[in-house]
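# Could you look at this predicted model? Sequence included:
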Amino acid sequence: MHTLADWRAALPRALPSAGWRTRFAPAPTGFLHLGHLVNAMHVWGIARAYGGQVVLRLEDHDQTRCRPEYEQALLDDLDWLGLAPDLFPTTSFARDTAQHPARQSNQLDRYDAAMRSLEARGLVYPCRCTRKDVARRAPHAPGEEPCYPGTCREARVPPNESFARRLRLPLDPVTFHDIRLGPLTQVPAQQCGDLLIRDRHSQWTYQFSVVADDMAHAIDVIIRGEDLLASTGRQLQLAAHLGRTAPVSLLHHTLLLHADGSKLSKATHDTALRDMRTAGARPGELLGLAARRAGLTTASTLAVDDLPQLFV
Ligand code: GLU
């Protein structure tokens, strides 16, 4: 693991040459909080400092949890903060653009086509297991993810019995380089087992839609919190199955935590940007607060134009 000074110094070598794309990809399942702002500051700051472009994508693949009012709130918050995407400006997401290329609920055909290409190669199978079935059959510590034990892999579940589909994962380890964490190896087949790509309720999963979209949007650099690090190996395997050959640079930054060590969440309102706005905070104060808590600065306020300086 590298210190901030180390990985910042490594950025020019680790990033592609100018014109590369990264993305900010929140799920509209709640209000943005300080943790999202820390992610956005890394995304915009690094892109602005090193010639990248920021793509805004709304990850509303799970329609049971997303709400239009959260989508509108996050677009408003980005406008208010002055964080302007280079591709898909906030105004492009007005609800009537039913075919928006960067709103996941408008891209079901994209996911369907991607799944069909996997199916045609025998890589996908129907699964009838519920979440409870998997948890019961795969003992795991609290907070750990269960590893799907392959119950339906050879069971020849009729395709119309369940919407759920899993991708067969090879047993091979995946090795990749993270700009902050260095070289890493993961064995997805042992972490999560065959990957759920569509669930029993016909919702495309985060793992599947994010990979299909990163390919469709030609994303070269993924900058996100280290809570998603465990997903990286499986996403690289999936991307390879979907035909991705372009390299991707990866940076998993540290997360903001509550004093007791727990993760910030949309359910706890204490760090919602919306609430702090309502309480009278200014954009520069929130940027400063998020950057201080992430250890990126000691300044009390910060302008959007200051963000690139945090990463050079
Ligand atoms: N939509 C994901 C989230 O809100 C982020 C996706 C990603 O960066 O891979 O946590």
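Yes, it's here.

# Could you check how many residues crowd around the closest residue to the ligand within the stretch 101-250 of the chain?
Closest to the ligand within the stretch 101-250 of the chain is residue 224: 3.7 Å, counting by Cβ to the nearest ligand atom. For the C-beta atoms, the positions are set from N, CA and C on the backbone; glycine is no exception. Residues lying near residue 224 (other Cβ atoms under 10 Å) number 22.

# That one: what secondary structure?
Classification of residue 224 by DSSP: H, G, I helix; E, B strand; the rest coil places it in strand.

# Make sure it is actually in contact with residue 252.
Yes. Residue 224 sits in contact with residue 252 when judged by Cβ atoms under 8 Å, with a separation of 6.2 Å.

# still on that earlier bit, what residues are up against the residue of the stretch 101-250 of the chain closest to the ligand?
Counting by Cβ atoms under 8 Å, 6 or more residues apart in numbering, residue 224 makes contact with 39, 251-253.

# One more pass at 7 Å, please.
Contacts for residue 224 were tallied using Cβ atoms under 7 Å, 6 or more residues apart in numbering; they are 39, 252.

# Next one, pLDDT for it please.
On the pLDDT scale, residue 224 is placed at 98.

# same deal with residue 98?
pLDDT, residue 98: 80.

# From here on, call the first residue 49.
That works, and once the first residue is 49, the last one we named lands at residue 146.

# Spatially nearest residue to it, not counting backbone neighbours?
The shortest distance from residue 146 to any residue other than its chain neighbours is 6.0 Å, reached at residue 154 (Cβ to Cβ, 6 or more residues apart in numbering).

# quick one: that neighbour from residue 105, how far?
Counting by Cβ to Cβ, to the nearest Å, the gap between residue 154 and residue 105 amounts to 11 Å.

# One more: residue 338?
21 Å.

# can you check residue 285 too?
Here the criterion is Cβ to Cβ. By it, residue 285 lies 21 Å from residue 105.

# So for these two, which sits in the more crowded spot?
Set residue 285 next to residue 105 and count neighbours by other Cβ under 10 Å: residue 105 wins out with 26 against 20.

# contacting residues for residue 84?
Residue 84 makes contact with residue 74 under the criterion Cβ under 7 Å, 6+ apart.

# What residues of the host helix or strand of it count as buried?
Using DSSP states H and E, residue 84 falls within helix 82-97. Judged by neighbour count (16 or more other Cβ atoms under 10 Å), helix 82-97 contains these buried residues: 82-97.

# And for stretch 54-70?
Neighbour counts over stretch 54-70 (16+ other Cβ under 10 Å) mark 55-56, 59, 62-64, 68-70 as buried.

# Tell me the one of those nearest the ligand?
Taking Cβ to the nearest ligand atom as the measure, residue 70 is the one of the buried residues of stretch 54-70 closest to the ligand, at 9.8 Å.

# residues contacting the closest residue to residue 294 other than its chain neighbours?
Once its chain neighbours are removed from consideration, residue 294 has its nearest residue in residue 268; the separation is 6.9 Å (Cβ to Cβ, 6+ apart). Contacts for residue 268 (Cβ under 7 Å, 6+ apart) come out as 64, 68-69, 294, 296-297.

# do that again at 10 Å, thanks
Residue 268 is in contact with 63-64, 67-71, 100-101, 262, 294-297, counting by Cβ atoms under 10 Å, 6 or more residues apart in numbering.

# which of those residues lies closest to residue 126?
Distance to residue 126, by Cβ to Cβ, is smallest for residue 71 among the contacts of residue 268, at 13.0 Å.

# For that closest one, report the pLDDT, please.
Here the pLDDT value assigned to residue 71 is 98.

# now it, what's its secondary structure?
Classification of residue 71 by three-state DSSP places it in strand.

# I'd say residue 350 and residue 356 touch.
No. Applying Cβ atoms under 10 Å, one finds residue 350 not in contact with residue 356, separated by 11.3 Å.

# Contact partners for the nearest residue to residue 302 once chain neighbours are set aside?
Setting aside the residues directly before and after it, residue 302 is nearest to residue 274 in space (Cβ to Cβ, 6+ apart), at 6.2 Å. Shown in contact with residue 274 (Cβ under 10 Å, 6+ apart): 226, 228-229, 280, 299-303.

# can you give me the helices for the stretch 49-198 of the chain?
According to DSSP state H, counting those that start in this stretch, the stretch 49-198 of the chain carries its helices in the segments 52-62, 82-97, 116-129, 156-167, 179-185.

# Report all helices and strands that the first one contacts.
Packed against helix 52-62 by the contact rule (3 or more Cβ pairs under 10 Å, 6 or more residues apart in numbering; DSSP states H and E) you find helix 82-97, strand 222-226, strand 230-234, strand 297-301.
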